[in-house]
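Participant: What follows is a protein structure lacking sequence information:
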């Protein structure tokens, strides 16, 4: 996976590659899909969610530019795979998940694997985690219909947001750097993520844009 699907496709940050080598991806997918855990494809988990394909995880993590001690807010804990990658890079991680079952299972899994230091919360991640702000980085692991202003305001000056923004089924993966009064946006690729449900996201997975 590391050599064929990541390094050969342009992932150059050795810290990211090393972190992904250390995290046992097969522990974050359903048992029936263990043999497919290291294929470069998204895999279904529960509650209609997925574990993103390794290349996209690596691309987003590289764009986030994480260093030890940096404070990262993750929107959408999911299975906890991306959370574990961030923790392996030495980040201080706050992660919010709207699904009670996903939150519970991710907390158990991350604890078993030794990532007990991450801070997990069940709630509406599209609103961020205001009481713990500001953060150095914000990462959205599901799609948002618009640029996430509520999340950008929780970044420190010079902070970075990475996540998919756009229509249901078709988004741009963007990197937004906030250095008031400037806001610099870069499109990394086109993608398709499951929607983030919440007050700052989609009302439901069946939403259609007006």
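Facilitator: All right, it came through fine. Please read these numbers as outputs of a predicted model, since none were measured by experiment.
Participant: List the contacts of residue 99.
Facilitator: Counting by CB atoms under 8 Å, 6 or more residues apart in numbering, residue 99 touches 46, 47, 49, 122. In short, each C-beta sits where N, CA and C put it, glycine included.
Participant: Narrow the residues you listed to those that are buried.
Facilitator: Applying 16 or more other CB atoms under 10 Å to those, the neighbour count classes 49, 122 as buried.
Participant: Just checking: the least confident one among the contacts of residue 99 is which?
Facilitator: Within the contacts of residue 99, residue 47 has the lowest pLDDT, namely 81.
Participant: State the three-state secondary structure for that one.
Facilitator: Three-state call for residue 47 (DSSP: H, G, I helix; E, B strand; the rest coil): coil.
Participant: From residue 145, how far out is the nearest residue to it once chain neighbours are set aside?
Facilitator: Leaving out its chain neighbours, the residue that sits closest to residue 47 by CB to CB, 6 or more residues apart in numbering is residue 99, at 4.7 Å. Distance from residue 99 to residue 145, counting by CB to CB, to the nearest Å: 19 Å.
Participant: Same question for residue 45.
Facilitator: Distance from residue 45 to residue 145, by CB to CB: 23 Å.
Participant: now swap in residue 27 and tell me
Facilitator: Distance from residue 27 to residue 145, by CB to CB: 32 Å.
Participant: repeat for residue 58
Facilitator: 25 Å.
Participant: out of these two, which sits in the busier spot?
Facilitator: residue 58 (27 against 20; other CB atoms under 10 Å).
Participant: Touching the helix or strand containing the more buried one from outside, list them.
Facilitator: Per DSSP states H and E: residue 58 is located in helix 54-64. Helix 54-64 has contacts (CB under 8 Å, 6+ apart) with 1, 5-6, 9, 11-13, 16-17, 19-20, 25, 38, 40, 42, 52, 72, 81-82, 85-86, 89, 137, 139, 160, 162-163, 173, 175, 188-189, 191.
Participant: same deal with stretch 20-39?
Facilitator: Residues contacting stretch 20-39 (CB under 8 Å, 6+ apart): 1-2, 6, 43-46, 51, 54, 57-58, 61, 79-81, 84-85, 88, 109, 113.
Participant: List the contacts of the residue lying closest to residue 156 once chain neighbours are set aside.
Facilitator: Leaving aside its chain neighbours, residue 156 sits nearest to residue 134 (4.3 Å; criterion: CB to CB, 6+ apart). Counting by CB under 8 Å, 6+ apart, residue 134 makes contact with 71, 154, 155, 156, 159.
Participant: ok, now how distant is residue 134 from residue 72?
Facilitator: Here the criterion is CB to CB. By it, residue 134 lies 12 Å from residue 72.
Participant: Show me what counts as buried in stretch 155-163.
Facilitator: Those would be 155, 159, 160, 161, 162, 163, for stretch 155-163 by 16+ other CB under 10 Å.
Participant: Average pLDDT for it, rounded please.
Facilitator: The pLDDT scores in stretch 155-163 average 97.
Participant: how distant is that stretch from the center of its chain?
Facilitator: Centroid displacement of stretch 155-163 relative to its chain, using CA atoms, centre = their mean, to the nearest Å, is 14 Å.
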